[in-house]
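any chance you could fold what I've pasted below:
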Amino acid sequence: MPYTSIPWRQGTWTHLPASTVEDGHLDVTAVEGSDAWRRTAYGFIHDSEHALTAPLAVGEAMEVAFRAPWDGQFDQAGVFVRIDDEHWIKAGVEFADHHLGLGAVVTDVRSDWSVGFVDEWQDAEITVRVSRWPDAVIVRAKADDGEWRLVRVAPFDPAATATAGPFLAAPTRSGLVVRFTRWTRSEADESLH
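Numbering: from 1, shown residues only. Below you'll find the model as predicted:
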């Protein structure tokens, strides 16, 4: 399967953003307080992220490319993969404590979080790729035309109906605008290395 662009209007929002402007790319403004998290360490449940999703089958991959002015505490964007309210993955970047972090939150009733600094990606176009295997989701990311980095290998229910696509959230402020520049579908990666 070659790379196929997914039209922005083909997706369905999990929660409507403050606004969207489509002009080839898609500029999305997050609602203040939007986030996705379940219980672990913080004790709260946040289910208000803005994810524009379309079906993701076993054997498929999705890529999302985006830019943003990373300067608000916990501003985040990337790819959201969703089965239901208690089973999902958000993978991408988050700005926290003056650093840009690349990571993933994998939620199976409770959320976990893995992250590493990528401050050198601050001004780059970032691309996040998720590949759905029969028993896992493989997350990779890159900045501009750089090399792909393996971010996460996460267990995933092979029988589940899942959706995926671009997401953003702004837990602590209003005014975050993320420019999504590309949303594509292709065949899943065949190997990890």
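
what residues are up against the residue nearest the centre of the chain?
For the chain, the residue sitting closest to the mean C-alpha position, by Cα atoms, centre = their mean, is residue 79 at 1.9 Å. Contacts here follow Cβ atoms under 8 Å, 6 or more residues apart in numbering; on that basis residue 79 touches 62-64, 90-92, 128-130, 139, 164-167. Bear in mind the C-beta positions are built from the backbone N, C-alpha and C, glycine included.

residue 112 now?
Contacts for residue 112 were tallied using Cβ under 8 Å, 6+ apart; they are 40, 105, 106.

just give me the closest of the residues you listed to residue 118.
Nearest to residue 118 out of the contacts of residue 112 is residue 105 (Cβ to Cβ; 16.1 Å).

roughly how far does residue 30 sit from residue 76?
As judged by Cβ to Cβ, to the nearest Å, residue 30 and residue 76 stand 9 Å apart.

cool, and residue 39?
For residue 39, the distance to residue 76 - Cβ to Cβ - is 18 Å.

those two: who's more crowded?
Using other Cβ atoms under 10 Å, the more surrounded residue of residue 39 and residue 76 is residue 76, with 28 against 13.

overlap in contacts of residue 30 and residue 76?
Residues within reach of residue 30 and of residue 76 at once, by Cβ under 8 Å, 6+ apart, are 168, 169, 170.

can you count the residues close to the last one?
Other residues within reach of residue 170 by the criterion other Cβ under 10 Å amount to 28.

and if you look at the first one?
Residue 168 has 27 neighbours, counted by other Cβ under 10 Å.
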